[in-house]
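Chemist: fold the following, please.
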Amino acid sequence: MRSLYLHRRFLGCLGGFVFLFLFAYAVPGLFPWAVVALCLFGMAVLADVLFLYALGGKVEAERQVSEKFSNGDDNPVTLWVKNGYPFRIRALVLDEVPVEFQRRDVRLLFRLDAGEQKEGKYVLRPLRRGLYGFGNVRVFVSSGLGLVERCYVCGVKQVVAVYPSFFWMRQYELLAIAGFRSGTGTQRQQQVNLSSSFDRIKAYALGDDPRAVNWKATAKCNRLMVNVYTEEKEQQVYCLLDKGRAMQAPFHGMTTLDYAINAILALSCVVLKK
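Modeler: The predicted structure follows:
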C-alpha cells in the first residue's frame, strides 16, 4: 500500500527490540519474554493498520486561498481538515506551496475527535509578480496507537496570480478618505483660489480678493462687483517609471522596481479617489 507509512514511534519501538534481544543473549531467561513482546508488538501494528483501513473512515482536507496575492504583503492561506473516522485521530497536514517560496515547513498538526472539523492558517509573502502554482494537500493520519500512518492526498492544484500590492493601495485609500494624510508623510499645501475657470459675478464682500474686481460690472451696478472663479480639481497626473538596470537592485527581498510599482499604484488610487 503506497499510502502506508511507518511512524517514528514504530521505529523507536523497533530499535528498542533490537537492544532487548541483544541483552537477552546475556540473560537467557529474558529471551522468551522478548519474543512474546515482539509478537504483541506485531499484533498492535496489525491492529493499527486495520483501524486506518478496515473501518471505512476517511479524512477530508481542503485549501482556501484567494485567487490574487498582494506582492510584498502577508497573504493568508487557510487549511481545513475533517475527521471521518469513528475514533480520535492525529492529523499532520502538509501543504505543497509554490516552489518560488522555497518553504518546506508548512505543516499543521491537528487532533480531531470523531466527526470533528478544524481549520488552521498560515501566511505567504511573495516577492515577485507572476503566477504561483500550489500542489496537493497531504494529510498523514495516525490512530491512538501511533505506530503507522495513512496518507491522504486531498485538494486540487491551484494557480494564484501575484499582483502589485493592493493591500498597500487600500491602506492609503482609506487614509486619504479619512483625511489623515498629514500623519503619513504627505505635505499639506495652501489652496489658492485663483483659476481661469469663471463661475459668476457677485457683490463684493469683506475678505474677497481685490484683484478679482470686475470694473465694468461695478460701473453698471454702482457698487463693487467681483468675479468668482471655481477651483480646478481635475488635472492630468502622469506617473513615469524607470525600468533601467538600477531598478533591478534587491531590497528586503524585492526589487526597487516592484516597490516603485506599488507606490505608483497607491498614488494613482488616491488621486482617482480625491
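Chemist: give me the residue at the spatial middle of the protein.
Modeler: With distances taken as C-alpha atoms, centre = their mean, residue 75 lies nearest the centre of the chain, 1.4 Å away.
Chemist: so the closest residue to that residue other than its chain neighbours: helix, strand or coil?
Modeler: Once flanking residues are discounted, residue 75 sits nearest to residue 69: 4.6 Å by C-beta to C-beta, 6 or more residues apart in numbering. The C-beta positions use only the backbone N, C-alpha and C, and glycine is treated the same way. The local conformation at residue 69, judged by DSSP: H, G, I helix; E, B strand; the rest coil, is strand.
Chemist: I figured the residue nearest to the centre of the chain hits residue 123, correct?
Modeler: Yes: applying C-beta atoms under 8 Å, one finds residue 75 in contact with residue 123, separated by 6.3 Å.
Chemist: output the below-cut-off pLDDT ranges for the stretch 1-150 of the chain.
Modeler: 1 (pLDDT under 70).
Chemist: which residues in it form helices?
Modeler: Counting by DSSP state H, counting those that start in this stretch, residue ranges of the helices within the stretch 1-150 of the chain are 8-26, 31-53.
Chemist: the ones you listed into JSON lines, with extra columns for distance to residue 137 and mean neighbour count?
Modeler: Shown next, in JSON lines, are these (distance: least, C-beta to C-beta, whole Å; neighbours: other C-beta atoms under 10 Å):
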{"stretch": "helix 8-26", "distance to residue 137": "22", "mean neighbour count": "12"}
{"stretch": "helix 31-53", "distance to residue 137": "18", "mean neighbour count": "14"}
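Chemist: all helices for the stretch 151-274 of the chain, in order.
Modeler: 166-178, 215-221, 256-273.
Chemist: by contact count, what packs against the longest one?
Modeler: The criterion is 3 or more C-beta pairs under 8 Å, 6 or more residues apart in numbering; DSSP states H and E, and the helices and strands that helix 256-273 contacts are helix 166-178.
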